[in-house]
Structure formats: C-alpha cells, structure tokens
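S.K.: no FASTA, just this:
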C-alpha cells in the first residue's frame, strides 16, 4: 500500500507494508484523511508518534471496512470514520475497532474525515476535563481553527456562550456564523477580551504568550485547558492569582492517551455528539479538500494559518 511519510522534513507518498489486522482491530480502505497541525509538527520533526505507533502521518480518516474479526460490531462494507494515533494518510489503516464510528447520515467521506480529531479534542477538553455546565462562559483562542470550529458549535448546542480570539475580521465573522457571541482580533491586542470576562473555561492552544492574560480573564474556579504551545513553552505566572481564584490549569493531549481512554471518549461522542450531526445541528467545517497528489499544497495551506475550519486529503475518490 501507499502511505505518507515525512523523511528529513520532506513528504513522500511511497510504498509501505500493509499493517496486520489483529483481534479487536479493523482494516479500513481509506477514502479521505483529515489534515491537522500535528501533521505539520511531525513533518518538522517536533511531534514524533507515541512508542509503537506507525510513523505514517494522519490522525483521522474515513473509509470502508474491508476486514473485521469475529464478534466485531462492524461488518465488511461499513462506512466509518476513525480516530488514530497515526497512519491515516494511507491507502489502508488498521485501528482498534472501538476507535471508529459510523459516518453520520448525509455526510460524504471527505466531510467525515474532518470530524474525529477536532470533535474528540473539543469534547474531551471542554466537556470532560473542563466539566462545562450549561450557561458557563467559554473563551476559545484560535477560534477559527478546526478545534475552535468544533468547539463553537458544541458550545452553542449545549448552551455555553463562547467568545474567540482570531487573526482577521473575516475569521471573526466566520466564528460568529457558527454561534460565537463575539471576539477580538490578535492584531488589535487581546485586552478587550476583558469586556466579556470572566470566563469559566479557556481552551488555549497558544501557551506562554497568553498565559498572564488567561489568569486575568478566568473567573473563580475557572479552568484553563492548554492543548498547544504555538506561542511558546515558558511563561512567568502570578501563582497568587491561580491560588486565590482556585483556577485549575490542565495540560491535555489526545494522541498519547490509552486505547481504553480513547474508546471511552469515542463512545461518549457517539452518544452525545453524533445525534447532533444526524439532526444537522452541527456540521463538519471543511474549507477545502486536496487530492493526495497535491499533498504539498495542502500542507502549505494549513501552514499559512488562514484556514477557517478543516482541510482534508482525498486518498480514493471512487469511495467518495
């Protein structure tokens, strides 16, 4: 099979041995794969896969099951999307059968490929770790990103008013169209976020650059959930504020979680989020898809930081 490798910073769509399918796993013929910032980082050598995980790029995909063991909930030919620790940008992928969910009714394979990573990330951090309750206020930094787009929609569906920080007026308008109450532009400074504070939960992929401001914006018993370090890894914090406000600072990654943890998360998504796709209350925000032959253009588009929502790679157009 062909799979996407990052070799010394260069992308190679090359032949690799097909993985074996063990008990409890399924084999998926991949139609499309979502593209994520983690793929950019892995290409650059900054985010290697967890031990024992393939070095093929790709944290999510959609396709058709071509192999399933006896007693599996899945059958040959089922249309599924899957959350992966790696290997999604390939002609085939083998995954724990608990980490796949049915493609929501009415969605194409390319749309479904843009769901697992960002909706799992948003649900895990806002509603599981962040313990959001109806009516609590949320701030989403990088609100027009894939995770931000998913987070806005989930906040709206579960009655949590949310605000965003974004890079342009066009991206702010995009966020508001998804249900954000408002927000600010990074270039204008973030201090005006104080007008919307205090927030109960801040979802932060930026890190050090926003650390002091986050402490100021959070209210009593606020939860600051850090999922990335785009703005640096070292910050000076006023711990007295953390203490006096009883703020919880939570570091969170999804890729390295255990198989059982991911299985519980996917089951939670199927119960609470999948019905929202079926009823059209939320939808994957796919800005653009690229054929696998244009993978360099897809990576360049994501690296430009101008994408609103998600990008996907079409692996097998006949399955779409």
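M.R.: Yep, that arrived. On a predicted model such as this, the values are computed, not experimentally measured, just so you know.
S.K.: secondary structure class for residue 42?
M.R.: Following DSSP: H, G, I helix; E, B strand; the rest coil, the label given to residue 42 is helix.
S.K.: next one: the one 10 residues further on
M.R.: For residue 52, the secondary structure call by three-state DSSP comes out as coil.
S.K.: for residue 305, same thing?
M.R.: Applying three-state DSSP: residue 305 is coil.
S.K.: next one: it from residue 186, what distance?
M.R.: 10 Å (Cβ to Cβ, to the nearest Å). To be clear about C-beta, it is placed using only N, CA and C from the backbone, and glycine gets the same treatment.
S.K.: what residues do the two have in common as contacts?
M.R.: residue 167 (Cβ atoms under 8 Å, 6 or more residues apart in numbering).
S.K.: any idea which strand is longest in the protein?
M.R.: strand 25-35 (DSSP state E).
S.K.: that strand: partners in the sheet, and parallel or antiparallel?
M.R.: Here strand 25-35 is paired, per DSSP bridges, with strand 60-68 (antiparallel), strand 92-96 (antiparallel), strand 310-314 (antiparallel).
S.K.: tell me which of those strands sits most buried.
M.R.: Greatest average neighbour count among the strands paired with strand 25-35 goes to strand 310-314 (a mean of 25), per mean count of other Cβ atoms under 10 Å.
S.K.: just to revisit the earlier point, okay, the strands paired with strand 25-35 in JSON lines with mean pLDDT and distance to residue 200 next?
M.R.: Conversion of the strands paired with strand 25-35 to JSON lines gives the following (pLDDT from 0 to 100; distance: least, Cβ to Cβ, whole Å):
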{"stretch": "strand 60-68", "mean pLDDT": "98", "distance to residue 200": "29"}
{"stretch": "strand 92-96", "mean pLDDT": "98", "distance to residue 200": "33"}
{"stretch": "strand 310-314", "mean pLDDT": "98", "distance to residue 200": "27"}
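S.K.: residue 12: which of those strands is closest?
M.R.: Minimum separation from residue 12 across these (Cβ to Cβ) falls at strand 310-314, 14.3 Å.
S.K.: mind listing residues that contact the closest one?
M.R.: 31-35, 89, 110, 113-114, 118, 146, 149, 284-292, 295, 298, 301-302, 320.
S.K.: could you pull out the helices in the stretch 1-150 of the chain for me?
M.R.: All helices of the stretch 1-150 of the chain, identified by DSSP state H, counting those that start in this stretch, fall at 37-43, 109-113, 116-123, 146-157.
S.K.: ok, and what's touching the shortest one?
M.R.: So the one you mean is helix 109-113. Residues contacting helix 109-113 (Cβ under 8 Å, 6+ apart): 31-34, 60-63, 79, 81, 103-104, 283-284, 286, 289, 312, 314, 319-320.
S.K.: just tell me which of the strands paired with strand 25-35 ends up closest to residue 197.
M.R.: So among these, strand 310-314 is nearest, using Cβ to Cβ, at 29.0 Å.
S.K.: does residue 34 really touch residue 117, like I thought?
M.R.: Yes. Counting by Cβ atoms under 8 Å, residue 34 touches residue 117, with 5.9 Å between them.
S.K.: who has more neighbours out of these two?
M.R.: Remark: of residue 34 and residue 117, residue 34 carries more neighbours, 32 against 29, as counted by other Cβ atoms under 10 Å.
S.K.: is the more buried one in a bridge, and if so with what?
M.R.: residue 312.
S.K.: overlap of the contact sets of residue 34 and residue 117?
M.R.: Counting by Cβ under 8 Å, 6+ apart, the contacts common to residue 34 and residue 117 are 59-60, 146.
S.K.: would you mind giving the helices of the stretch 1-150 of the chain as TSV with distance to residue 3 and mean pLDDT added?
M.R.: Output for these, formatted as TSV (distance: least, Cβ to Cβ, whole Å; pLDDT from 0 to 100):
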stretch	distance to residue 3	mean pLDDT
helix 37-43	13	96
helix 109-113	16	98
helix 116-123	18	98
helix 146-157	22	98
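S.K.: relative to residue 75, which of the ones you listed is closest?
M.R.: Comparing these by Cβ to Cβ, helix 109-113 comes nearest, at 17.3 Å.
S.K.: chain center to that closest one, what's the gap?
M.R.: 14 Å (Cα atoms, centre = their mean, to the nearest Å).
S.K.: now do stretch 309-318
M.R.: 16 Å.
S.K.: what about it, how long is it end to end?
M.R.: 25 Å (Cα to Cα, to the nearest Å).
S.K.: go on, stretch 188-202?
M.R.: Note: stretch 188-202 ends 20 Å apart using Cα to Cα.
S.K.: tell me the mean pLDDT for it?
M.R.: On average, the pLDDT along stretch 188-202 is 95.
S.K.: what of stretch 292-309?
M.R.: 96.
S.K.: break the chain down into its domains, please.
M.R.: Domain assignment for the chain by automatic domain parsing gives 2-115+282-319, 118-251.
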